[in-house]
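> have a look at this prediction, sequence included:
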Amino acid sequence: MSGVVGVVVFPGSNCEMDCIESVSHLGGEGRLLWHGDEDLGSVDAVIVPGGFAHGDYLRPGAIARFSPLMVAVTRFAAAGGPVVGICNGFQILTEAGLLPGALQKNRGLKFLCQPSMIRVETSDSSLTSRASTGDELSIPINHFEGNYTCDDETLARLNDEDRVVLRYVDNPNGSVDDIAGVCNEGRNVVGLMPHPERACNDLLGSSDGSVLLGSLLDLVA
Amino acid sequence: MKYTVLVDVRLRSGIADPAGATIERALPALGYEGVSGVSVGKTIRFTIEAADKKQAISHSEDLCGAFLTNPVIEDAEVTVVPGGDDL
């Protein structure tokens, strides 16, 4: 029996159905979770999807992190449950303090919506266990505030602890050290700007995202 | 007592400010030379109940740390609006 992947929906989320579809396409079961609820129910993993939660007012993720369900997500993550934040979901997880750093506006003043080559930097995370270090994946990006930044001390720690999960092969947005995705100390919480859920079927131009979401499904199978 | 508070949120130095950079680059085309260091932030204005001005500032600074700013990328300056502290 396959596990259930909960996908959190905030007012303004817009990638939740892509996540549900890709999880289902890969043989898992996706379930939408409303941000205003206090309970995750019986899910085995959580995806915080992309979009513009609460209109991105104040800052992306700033208001979303106060949603009642985020208390449950934080508790789930602390207990070792796999949590993945994609794009706006990554921004929400940094605002919630589940991941270090922040996402600032892209270098070069452009909203970026394009395929992007991403290199896997570690297979030791809830999103990359099916991949090998050095694998290069074609996965789309779609963001204005995807330029990852953190202080020097945090960056050194991320590198020392092998917590940079994904890097851009050709840095599109100015992210420090080409970072496209990072994980927490427990390696169960991963945030990334690229959208693997939009690259899980050859009809969409790439199925390279299957390796990432498939890794997540392995954990809940 | 109610105090009117202004929070001036600015991007920390080293953080990309595309809006500021775009405005700065546009100014010469409008005939304004010699303007530099343009940065775009935001101002948040509210009234707050507090025992005195010091407490109004301290509570507002707490609010900045917890919600109004992201200390990784932003700095904030809290001021009580002159004349707004006796509403």
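Sure, I can see it.
> what residues are up against residue A:9?
A:16, A:32, A:33, A:34, A:35, A:49 (CB atoms under 8 Å, 6 or more residues apart in numbering or on different chains). Every residue, glycine included, has its C-beta placed from N, CA and C.
> which one of the residues you listed is nearest chain B?
Relative to chain B, the closest of the contacts of residue A:9 is residue A:35; by CB to the nearest CB it sits at 16.9 Å.
> quick one, what contacts that closest one?
Counting by CB under 8 Å, 6+ apart, residue A:35 has contacts A:8, A:9, A:10, A:11, A:53, A:64, A:67, A:68, A:69, A:70.
> hmm, residue A:53 and the third one touching each other?
Looking back up the chat, that one is residue A:10. Yes. Using CB atoms under 8 Å, residue A:10 is in contact with residue A:53, at 3.6 Å.
> what about the chain, any weak spots by pLDDT?
Defaulting to chain A. Low-confidence segments of chain A (pLDDT under 70): A:1-2.
> that answer is for a different chain, and I need it for chain B
Counting by pLDDT under 70, the ranges of chain B that qualify are B:83-87.
> if we use 80, what do you get?
B:82-87 (pLDDT under 80).
> for it, which helix is longest?
helix B:53-63 (DSSP state H).
> what angle do the next helix or strand after it and helix B:53-63 make?
Moving toward the C-terminus from helix B:53-63, the next helix or strand (DSSP states H and E) is strand B:74-80. Using axes from the mean of the first three to the mean of the last three CA atoms, to 10 degrees, the inter-axis angle of strand B:74-80 relative to helix B:53-63 is 160 degrees.
> report all helices and strands that strand B:74-80 contacts.
strand B:2-11, helix B:53-63 (3 or more CB pairs under 8 Å, 6 or more residues apart in numbering or on different chains; DSSP states H and E).
> tell me the buried residues in that strand?
Neighbour-count burial for strand B:74-80, counted by 16 or more other CB atoms under 10 Å in any protein chain shown, picks out B:74, B:76, B:78, B:80.
> quick one: residues in contact with it.
So strand B:74-80 is contacted by B:3-12, B:15, B:41, B:53, B:56-57, B:60-61, B:64, B:68-69 (CB under 8 Å, 6+ apart).
> narrow those to those that are buried.
B:3-5, B:7, B:9-12, B:15, B:41, B:56-57, B:60-61, B:64, B:68-69.
> nearest spatial neighbour of residue 42, skipping sequence neighbours?
If you meant another chain, say so; for now it's chain A. residue A:4 (6.6 Å; CB to CB, 6 or more residues apart in numbering or on different chains).
> that's the wrong chain, I meant chain B
residue B:9 (4.9 Å).
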